[in-house]
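> My questions are about this predicted structure, shown below with the sequence.
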Amino acid sequence: MTVQSHHTVTRGKNRGPTLRIVAASICLLGFAACASAPKAPDQALQAAEMAIANAEQARVADYASPELADARQDLSAARRAVADEEMLLAERLAKQSRVNAELAIAKTEAIKAKAVNDEMLKSTEALKQEMQRNSGAQK
């Protein structure tokens, strides 16, 4: 009888630390799960909002309206994804929105630069023609 009670006591002592280890492991796994849950992509959303605001200030709608519209749609979709707690999708859409807004700005700048270049070419051509007329009149 003594042997049997000794085993019971021994098993009881081992069970306490084992339960603590299991409980601690479960807690750690719970904390890890909470820590790894994606959070709202606030920085990506703010960057997209800023890029759209910059595009609007640059009067992009006059030159690159489709790209600006795409940027706005992507930002709206990103906000819906945050509301639906789809944070990875929200971040991707926010980044795509920012890229579309930046593309609209770049496209607008390229169109404006081309217009300035075309105007300079016309002016240069007009000057060349004027010089040729003047050199012909002097002979």
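Yep, it's here.
> hey, which helix or strand in the protein has the poorest pLDDT?
Least confident helix or strand of the chain, by mean pLDDT, DSSP states H and E, is helix 2-36 with a mean of 58.
> tell me the mean pLDDT for whichever helix or strand comes after that one?
Counting by DSSP states H and E, the element after helix 2-36 in chain order, helix or strand, is helix 42-57. Helix 42-57 carries an average pLDDT of 95.
> Also stretch 121-139?
pLDDT averaged over stretch 121-139 gives 84.
> Against which helices or strands is the lengthiest helix in the chain packed?
Looking across the chain with DSSP state H, the single longest helix is helix 87-138. In terms of contact count using 3 or more Cβ pairs under 8 Å, 6 or more residues apart in numbering; DSSP states H and E, helix 87-138 is assigned the packing partners helix 42-57, helix 65-83. Backbone N, C-alpha and C define where each C-beta goes, glycine included.
> got the angle between it and helix 42-57?
Helix 87-138 runs at 30 degrees relative to helix 42-57, counting by axes from the mean of the first three to the mean of the last three Cα atoms, to 10 degrees.
> which stretch among the helices and strands packed on helix 87-138 comes nearest Lys112?
Among the helices and strands packed on helix 87-138, helix 42-57 comes nearest to Lys112, with 13.4 Å by Cβ to Cβ.
> residues touching the residue nearest the centre of the chain, list them.
Centroid-nearest residue in the chain: Lys95, 1.9 Å away (criterion: Cα atoms, centre = their mean). Applying Cβ atoms under 8 Å, 6 or more residues apart in numbering to Lys95 gives the contacts Ala44, Ala47, Ala48.
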